[in-house]
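A.B. asks: build me a model from this:
(2 chains)
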Amino acid sequence: MNAPLTPRPDSAAGVSAHDLRIHFATKAGTVKAVDGVSFEIRPGETFGIIGESGSGKTTLGRALAGLLKPSAGDIHYGEHDPRALSRSQRKRLRRDHQIIFQDPHAALNPRMTILQSVIEPLDIIGEGDRQSRRRTAADALERVGLPATIGKRYPHELSGGQKQRVNIARTLTLRPKFIVCDEVVAALDVSIRGAILNLFADLQKEFGITYAFITHDISVVSHVSDRIGVLYLGRLMEQGPADAVSDRPLHPYTQALLSAEPLPLPSDRRDSRRRIRLEGEIPSPLNPPSGCPFRTRCPKAATRCAEQVPQWRELRPSHWVACHFAEPDL
Amino acid sequence: MAQHTERPRPAQDTPLLSVENLSISFAHPGGETAITRDVSFTVAAGERLGVVGESGCGKSVTGLALLGLLPATARVRGAIHFQGEDLSRLPASRLRRLRGSEISMIFQEPMSALDPVFTIGEQLTETLRSHRKVSRKEARERAIEALAEVGIPSPAQRLNDYPYQFSGGMRQRVMIAMALICRPKLVIADEPTTALDVTVQAQIIDLLREISDSTGTALLFITHDLGVVAETCSRLLTMYAGEVVESAPVDSVLYRPRHPYSSGLLCSLPGLSERGQRLPSIAGRVPAPDRMPRGCRFQARCPHATEGCEQPQPLQPLTDHRLARCWRSAELTLPGAVTP
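C.D. replies: The predicted structure follows:
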């Protein structure tokens, strides 16, 4: 029988995606939600994925969690390729990669007590007996900073932050190696986001968990991530160390995203030239622009951008960009 | 709080909107639940006032009360003076004439605020023609102008489109066009950019600020985002648990908040902490309306709470046109968004 909530011996495991494509057939045509994305998430790190709505970030996250089958390309978990495994092996691998969603309320069954919800994953994988499952669940609740008495309550009695802690606890019972965090603080008040983000950091330290942190909020992603990938219309525009991407971005899209972030600065500390104003909105993924997908909104766009898809170049050490005009010493 | 009504002031000093001791409660079979208590503030002509606070602090309810849009179960006490008239005492017919014409509102979700079965043109001209005596032709021209003003390309053609044919950002522009078409003196914007992407949010913030500057429209900006307030407003009202806890010029709050709650909100912004450092947050949650403490409503979450905080806290005037509902305000040095 497993001891409750101890890191598993082979805990840390990386995840890699290679030329991943996820296409959806619709009446109006094919939506290329993710269209040729490759990256590697190293064991125990937080890989931030940032993008606007329609960038394909949620689709990518669902695929990483194993909830969607890629149309082409592959995802490896450590050395495992899920497609090479038998059904039962795949089921065993399944518990290792989990996902936590944006809306903490929708993710909980309103008719189940908190404890029932936290035990449910263990019931599904059939680990341990009734007693040990209860113990693991109680342990997980305590670990995420909730009082034991909360187990008897129902979701509607909890605040948004408490519910998100419950969702983290129920994921934790499986002691996953990899968690996809899809906009996990977006629905929470700013005042408590910090506490939840700290909790993710603590659990990572204790259990060696690898995270894919998906968000539209650049201040959140740059705070929590080791490395960041910037997604636009299903393709990566830029990828690199978190500090390099957020302090010295190479791609015009990343630069615009950063400058669009409203800052709580007094008027005399503002740089009026700071803002790069993007025209329009993200185009429909049904009919993406030719060449560089960002060119229709890019302040630097030229004819070449419509004709040629920019190469994925390593302009600075481990800092990659897909832009014809990006230069290393910007 | 209501002292300024005691003696008449010169006309230019009379605020456009003056809210005095606004207390809102909702009646239910078991009694009455108080949502806000003694909310008082003013908005000068052309001024942009930001209202911040966590969800459940009474921001939206206050905004809706100004326009008389609360459900029938709501009980509203206090006074809402707009250009000399008390809106809370106006007959429904007079209030309807003011709404959309002198005061208008922009909501968070443009899709649910627009009628899906009418074209944008029909909805814009309906607003205009119900308040102003204009011909159909003239209304149509004014609608085209209004769409052009908010940056919608080829406005004459877009007039015939339905809401679903617009993107999220464009829909919010339509909402702004509709709110502004009668040239109101005051626009109440309730989280107008929260549902939008950050690049589109930046466009809408710029647009609201530019239009307010050029037309002299005052703005009551309800938001949870202090960054948005810093970029749009000149004054800030912090609400907590149904009360105003701080009122001050935006810049002075960003440098030095005088209420621990404002300070806590500012420090919680992840962009202000060093990468990899632990993020500050405010422990606990807003007390439920039926469990409000008698004294300071923030005391259970306040890192500076001591003996004395269990006493009721009045909103105290400080220097620099500021108010704070904290008796320790003068002795505490609270961190803001930047160090002075």
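A.B. asks: does residue B:26 have any beta-bridge partners, and if so which?
C.D. replies: Legend: beta-bridge partners of residue B:26 under DSSP bridges are residue B:33, residue B:74.
A.B. asks: what are the ranges of the strands in the stretch 1-150 of chain A?
C.D. replies: A:15-26, A:29-41, A:46-50, A:72-77, A:97-100 (DSSP state E, counting those that start in this stretch).
A.B. asks: return the most buried member of those strands.
C.D. replies: strand A:46-50 (a mean of 27; mean count of other CB atoms under 10 Å in any protein chain shown). From N, CA and C alone the C-beta is placed, and that goes for glycine too.
A.B. asks: residue ranges with poor pLDDT in the chain?
C.D. replies: Here I'm looking at chain A. A:1-12, A:272-274, A:330 (pLDDT under 70).
A.B. asks: chain B is the one I meant
C.D. replies: Using pLDDT under 70, the flagged stretches of chain B are B:1-13.
A.B. asks: that one: strands as residue ranges?
C.D. replies: Applying DSSP state E to chain B gives strands spanning B:17-28, B:31-43, B:48-52, B:74-82, B:85-86, B:103-106, B:186-190, B:218-222, B:235-240, B:243-249, B:316-318, B:322-324.
A.B. asks: hmm, back to that, out of the strands of the stretch 1-150 of chain A, flag the one nearest residue A:255.
C.D. replies: Judged by CB to CB, the one of these that comes nearest to residue A:255 is strand A:46-50, at 13.0 Å.
A.B. asks: helices or strands next to the closest one in the packing?
C.D. replies: Judged by 3 or more CB pairs under 8 Å, 6 or more residues apart in numbering or on different chains; DSSP states H and E, strand A:46-50 is in contact with helix A:57-64, strand A:210-215, helix A:218-224, strand A:227-232.
A.B. asks: hmm, back to that, would you turn the strands of chain B into TSV with mean neighbour count and distance to residue A:152?
C.D. replies: Output for the strands of chain B, formatted as TSV (neighbours: other CB atoms under 10 Å in any protein chain shown; distance: least, CB to CB, whole Å):
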stretch	mean neighbour count	distance to residue A:152
strand B:17-28	18	26
strand B:31-43	19	25
strand B:48-52	26	35
strand B:74-82	18	34
strand B:85-86	14	49
strand B:103-106	24	42
strand B:186-190	24	37
strand B:218-222	25	37
strand B:235-240	26	30
strand B:243-249	24	33
strand B:316-318	14	43
strand B:322-324	23	40
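A.B. asks: closest one to residue A:139 among the ones you listed?
C.D. replies: Closest approach to residue A:139 among the strands of chain B is made by strand B:235-240 (35.0 Å; CB to CB).
A.B. asks: what angle do that closest one and strand B:31-43 make?
C.D. replies: Strand B:235-240 runs at 170 degrees relative to strand B:31-43, counting by axes from the mean of the first three to the mean of the last three CA atoms, to 10 degrees.
A.B. asks: got the contact list for strand B:235-240?
C.D. replies: Strand B:235-240 is touched from outside by B:36, B:39, B:41, B:47-54, B:57-59, B:62, B:229, B:244-250, B:253, B:259, B:261-262, B:265, B:286, B:297-298, with contacts defined as CB atoms under 8 Å, 6 or more residues apart in numbering or on different chains.
A.B. asks: and the helices in the stretch 101-250 of chain B?
C.D. replies: Secondary structure of the stretch 101-250 of chain B, counting by DSSP state H, counting those that start in this stretch: helices at B:110-113, B:120-131, B:136-149, B:155-158, B:168-180, B:198-215, B:226-232, B:250-255.
A.B. asks: ok, residue B:251 - contacts?
C.D. replies: Applying CB under 8 Å, 6+ apart to residue B:251 gives the contacts A:266-268.
A.B. asks: go with 6 Å
C.D. replies: Contacts of residue B:251 were listed using CB atoms under 6 Å, 6 or more residues apart in numbering or on different chains, and they are A:266-267.
A.B. asks: what's near enough to touch residue B:330?
C.D. replies: The neighbourhood of residue B:330, defined by CB under 6 Å, 6+ apart, contains no residues.
A.B. asks: return only those of the contacts of strand B:235-240 found close to chain A.
C.D. replies: Among these, proximity to chain A is found for residue B:54 (CB under 6 Å from any CB of the partner chain).
A.B. asks: for the single nearest residue of the stretch 51-200 of chain A relative to chain B, helix, strand, or coil?
C.D. replies: Going by CB to the nearest CB, chain B is nearest to residue A:194 of the stretch 51-200 of chain A, at 3.1 Å. Three-state call for residue A:194 (DSSP: H, G, I helix; E, B strand; the rest coil): helix.
A.B. asks: any idea how far stretch A:261-269 is from the middle of the chain?
C.D. replies: From the chain centre to the centre of stretch A:261-269 is a distance of 28 Å (CA atoms, centre = their mean, to the nearest Å).
A.B. asks: let's see it as CSV, backbone CA atoms only.
C.D. replies: C-alpha atoms of stretch A:261-269 as CSV (Å, rounded to 0.1, in the frame of the first residue of the first chain):
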residue,chain,number,x,y,z
GLU,A,261,-0.3,45.1,-19.8
PRO,A,262,-1.9,47.9,-17.7
LEU,A,263,0.6,48.9,-15.1
PRO,A,264,-0.2,50.3,-11.7
LEU,A,265,2.2,53.2,-12.0
PRO,A,266,1.7,56.8,-11.0
SER,A,267,1.6,59.3,-13.9
ASP,A,268,5.1,60.6,-13.3
ARG,A,269,6.6,57.1,-13.6
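A.B. asks: near chain B at all, it?
C.D. replies: Yes. Residues of stretch A:261-269 contacting chain B under CB under 6 Å from any CB: A:262-267.
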